[in-house]
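Colleague: Structure, please.
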Amino acid sequence: QVHLRESGGGLVQPGGSLKLSCVASGRSLSDNAMGWFRQAPGKEREFVACISANGLSTFYAEESLKGRFTVSRDNAGNTVWLQMNSLKSEDTAVYYCAAAAGRTVPVTSPSQYDYWGQGTQVTVSS
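Modeller: Numbers count the residues shown, from 1 in each chain. Purely as a prediction, here's the structure:
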């Protein structure tokens, strides 16, 4: 059984930065692409970013996110990060990490992911 645990969320002012972490336990996820999703109140869960199993390829939801968010992972495959810069109020959401069934990206649909964390709240407000 794989468990994913996110951390690093919190309250930040507009323009600020946060770095989210996702740690896997149970087994190594070095053979799995990993992704980040977010869900704002009253909205559906949406794709944010993903990274391939070997860490060499990334994909972002849109250009505006690519310029502000950076997804990365460690070589052991147990930790994935999401660096978020220049945060905006519309980035406020619960952020989830997930492990995909395959190795390659892009993997943008929640249905393509097998394991999910419990989420971490990110609030951008002055």
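Colleague: pull the helix or strand with minimum mean pLDDT from this structure.
Modeller: helix 63-68 (a mean of 81; mean pLDDT, DSSP states H and E).
Colleague: Which parts of that helix count as buried, going by neighbours?
Modeller: Neighbour-count burial for helix 63-68 flags 65, 68 (criterion: 16 or more other C-beta atoms under 10 Å). No exception for glycine: its C-beta is placed from N, CA and C like everyone else's.
Colleague: what's the offset of it from the middle of its chain?
Modeller: In terms of C-alpha atoms, centre = their mean, to the nearest Å, the gap separating the centre of helix 63-68 from the centre of its chain is 14 Å.
Colleague: Show me what it packs onto, helices and strands only.
Modeller: Applying 3 or more C-beta pairs under 8 Å, 6 or more residues apart in numbering; DSSP states H and E, we find helix 63-68 packed against no helix or strand.
Colleague: Outside of it itself, list whatever touches it.
Modeller: 48-49, 60, 84-87 (C-beta atoms under 8 Å, 6 or more residues apart in numbering).
Colleague: which SS class is the residue positioned nearest the centre of the chain?
Modeller: Centrality entry for the chain: nearest residue to the mean C-alpha point is Trp36, 2.3 Å, by C-alpha atoms, centre = their mean. Of the three states, Trp36 takes strand under DSSP: H, G, I helix; E, B strand; the rest coil.
Colleague: about what we covered before: in CSV, could you pull the C-alpha coordinates for the least confident helix or strand of the chain?
Modeller: Extracted as CSV, the C-alpha positions of helix 63-68 are listed here (Å, rounded to 0.1, in the frame of the first residue of the first chain):
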residue,chain,number,x,y,z
GLU,A,63,1.9,28.8,-19.4
SER,A,64,1.1,31.1,-16.5
LEU,A,65,1.7,28.2,-14.1
LYS,A,66,4.9,27.1,-15.8
GLY,A,67,6.4,30.5,-15.2
ARG,A,68,5.5,30.5,-11.5
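Colleague: start at 3 instead
Modeller: Got it, first residue is 3 now, which makes that one helix 65-70.
Colleague: Moving C-terminal from it, which element do we reach first?
Modeller: Per DSSP states H and E, helix 65-70 leads on to strand 71-75 as the next helix or strand towards the C-terminus.
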